[in-house]
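**Q** Need the 3D shape of this:
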Amino acid sequence: MPGAAARRGRRRVSGLLELRQGLYRWTAEHPEAVIDPKPGSAADWGPHVGWVAYAAPGALVLVDPLVPPDRGDVQEELDALVRRHGQRVAILTTLQFHTRSREELAARYRGSTSRAKKTLPQDVETVPIRGAGETMVWLPEHRTLIPGDRLIGNEDGGLRLCPDSWLRYLPSGMGRPELREALQPLLDFPVEMVLVSHGEPVLTGGRHALVHAIGT
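**A** Numbers count the residues shown, from 1 in each chain. This is a model prediction of the structure:
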């Protein structure tokens, strides 16, 4: 769990949590979440999922955004954030299951949805995880990694690999041993924070959490 200094470093902006200057995260209840899923099944994920906004130079980046119809508060706050930033909106999706509110927000803000390197804003990088059907987002300014489903929060405030059942649809036939191998390049990044979609984010000691989750 984050220490007292880390907790003091977080500021609420209306309903948004500002982790660092210009870096925001909040959670919403996913409308397709199963109330009582079978442990270890493909539906075994909590109803509340997280997503991220980052005020990059030249663009406001939204990663896997989810704004449910009943969360007018989040929509209002996001509208205000877009107005304050005053730049284009770039929406990035980590994997096919996280399209969430992408199309609605792209239409609302006339935003882009491409992950192509030539269209990425300054200080935003993508990290494809080969064979895993996922492309993570890396923010060098804040040393922050944003995964989709392959890394999730654990009960101890750290990270773990996703369940085996979450990999069964992949054409690569990837299992957890192959996933560990595919994630090894992440250990070369100076990660401080890991902002997961499922579970609590890791706000300090991100690389240490990665080592424990991935192994060496």
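**Q** In this structure, which strand is the longest?
**A** Scanning the chain for the strand with the most residues, using DSSP state E, yields strand 48-56.
**Q** distance between that strand and the chain's centre?
**A** 6 Å (CA atoms, centre = their mean, to the nearest Å).
**Q** Could you name the helices and strands sitting against that strand?
**A** strand 23-29, strand 59-63, helix 72-85, strand 134-139 (3 or more CB pairs under 8 Å, 6 or more residues apart in numbering; DSSP states H and E). From N, CA and C alone the C-beta is placed, and that goes for glycine too.
**Q** what are the ranges of the strands in the protein?
**A** 11-13, 16-20, 23-29, 48-56, 59-63, 88-92, 125-129, 134-139, 144-146, 151-153, 159-161, 193-194.
**Q** How about residues contacting the shortest one?
**A** Pointing back at strand 193-194 there. 19, 142-147, 151, 159, 201-204, 206, 209-210 (CB atoms under 8 Å, 6 or more residues apart in numbering).
**Q** starting at the chain centroid, how far to it?
**A** Distance, centroid of strand 193-194 to centroid of chain: 9 Å (CA atoms, centre = their mean).
**Q** ok, now which ones touch the spatially most central residue of the chain?
**A** What sits nearest the mean C-alpha location of the chain, by CA atoms, centre = their mean, is residue 146, with 4.1 Å. Residues near residue 146 by CB under 8 Å, 6+ apart: 52, 63-64, 94, 136-139, 194-195.
**Q** Give me the distance from stretch 59-76 to the chain's centre.
**A** Worked out by CA atoms, centre = their mean, stretch 59-76 lies 13 Å from the chain centre.
**Q** What average pLDDT does it get?
**A** In this model, stretch 59-76 has an average pLDDT of 93.
**Q** Just the CA trace of that stretch, in PDB.
**A** Extracted in PDB, the C-alpha atoms of stretch 59-76 (Å, rounded to 0.1, in the frame of the first residue of the first chain):
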ATOM      1  CA  ALA A  59      -3.100  17.000 -26.500                       C
ATOM      2  CA  LEU A  60      -5.200  15.700 -23.700                       C
ATOM      3  CA  VAL A  61      -4.800  11.900 -23.700                       C
ATOM      4  CA  LEU A  62      -7.500   9.600 -22.500                       C
ATOM      5  CA  VAL A  63      -6.600   6.000 -21.900                       C
ATOM      6  CA  ASP A  64      -9.400   3.400 -21.900                       C
ATOM      7  CA  PRO A  65     -12.000   6.000 -20.900                       C
ATOM      8  CA  LEU A  66     -15.300   4.900 -19.400                       C
ATOM      9  CA  VAL A  67     -18.100   7.400 -18.700                       C
ATOM     10  CA  PRO A  68     -21.300   5.500 -17.800                       C
ATOM     11  CA  PRO A  69     -24.600   7.200 -18.700                       C
ATOM     12  CA  ASP A  70     -25.400   7.600 -15.000                       C
ATOM     13  CA  ARG A  71     -22.100   9.400 -14.200                       C
ATOM     14  CA  GLY A  72     -23.000  12.900 -15.200                       C
ATOM     15  CA  ASP A  73     -20.500  14.100 -12.600                       C
ATOM     16  CA  VAL A  74     -17.600  12.500 -14.500                       C
ATOM     17  CA  GLN A  75     -18.800  13.800 -17.800                       C
ATOM     18  CA  GLU A  76     -19.000  17.300 -16.500                       C
END
